[in-house]
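[1] Below are the sequence and a predicted model; questions follow.
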Amino acid sequence: MSKPLPHPPLPTTPKQRRYWTPPDGSARALLIAETARAHPGPVVAVTRDTQRARALEDELRVFCGSLPVLHFPDWETLPYDVFSPHPEIVSQRIATLYRLPTTQRGVLVVPVATLMQRIAPRSHITGAGLVLDKGQKLDLAHEQRRLEAAGYRHVPQVAEPGDFAVRGALIDIYPMGSDEPYRIELFDDEVESIRSFDPESQRSQQQVEKIELLPAREFPLTEESAKSFRSNLRERFPIDVRRCPLYQDIKEGVTPGGIEYYLPLFFPAKSPHMDVRGVAVDPHENNGTATLFDYLADDALFVLGEGAGEAADQFWTQTAERYDQRAHDIERPVLPPAELYLPPEQWRAQLNKRLRVEVVEPGHEHAVAVGTQPAPDVPLNRKGEEPGTSLRHFLASYPGRVLIAADSAGRREALIETLAAAGLKPEAVESWQAFLSPDGAGGEGAGSRFAITIAGLEQGFALTKPQITVLTERELYGERVRSERDRKRRRGTARDPESIIRDLTELTIGAPIVHVDHGVGRYQGLVSMDVGGMDGEFLTIEYAKGDKLYVPVAQLGLVSRYSGTAPELAPLHSLGGDAWERARKKAAE
């Protein structure tokens, strides 16, 4: 067990608000982790945007040890967009909502706009789950209807969370919130075995006794809820149901892209609707949604990053502008922002009822110093010096302990060799927790004055008490290593090209697919072409105006199946147009 580090005083009542100066570098994650250890309830870290939320989540996993780290991500679509969020994002959101009510300790990371979002009530998340046990009786046709009502997609081969496939006496399913899919084998009408399997190779793996299936959507898809949605849509808007794609899609059992922005129409009303300014208007315009505050215990402690309040105001303004642009579309009417998000005034009112810490600029009247400093400038290769001279001088004069954080096992070994060539020999430790442990308690290398570990940290930092300095590859090598790491993050997890081809060949010609850089087009099959005197195989995508894009097999990781609205209603982007790129960039801001 690592020794707890000091942290600034925490509030004990909602009125006792605390203010912290900004921690240096990755010490922000360390400070939040230590706060989570000291606070008896969950800690909610609120960031101003999605990018900061992702980075904070990664760093918290370094410092939190056994404490759970949850992330409630943004949909990564723009308000009122006609695109639905990626199934993996929905899977993570549903898994987090399911765990939150029973999470007594730990950290939840959430972007400010997502904290403002109105979401499904707890009854939908906890009440729409399904459980499959080994040995239970199972009617295949009935189970298929249950899965579809829970939002699962019937596909030829599972590839993403929310997919299921039926092949004879086998059911393959990728549960929401799960890291892997499962294969259920039936003997007559009994579940004979349940095994996890690799979706790429299709090979079965570990056997389990039961699986829990969370709902695949953040809204219900039962016949009753679909009927309620259509009724609410007619009541709210003067639509011609024959010319309203939303109405017709739901009537035919199709889930249109962007349906998430009509979430309130799926749930019973419970409170007066508020207009854009947060003022109560027509009592018939209301919804039964919840917010993240409803999922959190009363003793949750909120830590607001710098600029969170300003980001909330800016998001609200942008959402209102997008609403004004779309409010007069009679074929696709939109709900007012206050039905989809908490107005800033209501958001702040919710926070005022909670324990709260705000990270503010150092000049703030009540700001408390958090006891951190920037990492020292000690590059391994400085012009005019022998390699490692700056670091060697720092170690000789620094009275505290020093830990080097490497991005991966390979980078750690490379760093150890480089440091050894400069006459420096750090002890290898398993983790941050092992580094903090007393001599022997954290394994080999624990308690060392100079150590190295694997920890994906963005920036180093120094603690004033106890005196500890953490150096990352950024401090030792400069921006070069960090940029390589960022490129790897942008590429994401690589997929086997052969498995991608197998996946795509199951599509029919003309089916919509998505290229990460060019948007939605129509699949036109695989073709062989001679390029520069060499034969190659290419996937053909047709865009608006008949333009075609040929994607080399080596780049098929950039292509995925379209999972939004019905195939015939999928949008078709222009090749070379900038609408798709603008939408992606704005969603990432």
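    Sure thing, it's come through. On a predicted model such as this, the values are computed, not experimentally measured, just so you know.
[2] Please report how far the residue nearest the centre of the chain lies from Ala290.
    Among the residues of the chain, the one closest to the centroid is Pro73, at 3.9 Å (C-alpha atoms, centre = their mean). Distance, Pro73 to Ala290, using C-beta to C-beta, to the nearest Å: 17 Å. (Each C-beta comes from the backbone N, C-alpha and C, glycine too.)
[3] And Glu417, by the same measure?
    Distance, Glu417 to Ala290, by C-beta to C-beta: 54 Å.
[4] who's more crowded, the two?
    Each of Glu417 and Ala290 has its neighbours counted (other C-beta atoms under 10 Å); Ala290 has more, 19 against 9.
[5] in which helix or strand would I find Ala191?
    Quick fix: residue 191 is Val, not Ala. Assigned by DSSP states H and E, Val191 falls within strand 190-197.
[6] for that strand, packing partners?
    Applying 3 or more C-beta pairs under 8 Å, 6 or more residues apart in numbering; DSSP states H and E, we find strand 190-197 packed against strand 130-133, strand 182-187, strand 204-208.
[7] go again using 6 Å as the cut-off
    Contacts defined by 3 or more C-beta pairs under 6 Å, 6 or more residues apart in numbering; DSSP states H and E place strand 190-197 against strand 182-187, strand 204-208.
[8] what's the residue nearest to the centre of the chain in contact with, if anything?
    When contacts are counted by C-beta atoms under 6 Å, 6 or more residues apart in numbering, Pro73 is found next to 89, 92.
[9] how close does it sit to Ala27?
    Taking C-beta to C-beta as the measure, Pro73 falls 24 Å from Ala27.
[10] same deal with Ala290?
    34 Å.
[11] before we move on, what about Pro466?
    13 Å.
[12] Please say which of these two ends up with more neighbours.
    For Pro466 versus Ala27, the count of surrounding residues by other C-beta under 10 Å is larger for Ala27: 27 against 12.
[13] Check that one and give its pLDDT.
    Ala27 is assigned 95 on the pLDDT scale.
[14] Do I have it right that it meets Phe461?
    Yes - at 3.9 Å, Ala27 counts as touching Phe461 under the criterion of C-beta atoms under 6 Å.
[15] Now the common contact residues for these two.
    In terms of C-beta under 6 Å, 6+ apart, Ala27 and Phe461 are both contacted by the residues Thr372.
[16] Please name the strands paired to the longest strand seen in the chain in the sheet, noting orientation.
    The strand spanning the most residues in the chain, taking DSSP state E as the definition, is strand 519-531. Here strand 519-531 is paired, per DSSP bridges, with strand 512-515 (antiparallel), strand 534-542 (antiparallel).
[17] Just name the most buried of those strands.
    For the strands paired with strand 519-531, ranked by mean neighbour count under the definition mean count of other C-beta atoms under 10 Å, the leader is strand 512-515 at a mean of 20.
[18] which outside residues touch that one?
    520, 523, 558-560, 562, 567, 570.
[19] With Arg183 as the reference, measure out to the nearest residue to Asp530 once chain neighbours are set aside.
    Spatial nearest neighbour of Asp530, excluding adjacent residues (C-beta to C-beta, 6 or more residues apart in numbering): Gly536 at 7.9 Å. In this view, Gly536 and Arg183 are 35 Å apart by C-beta to C-beta.
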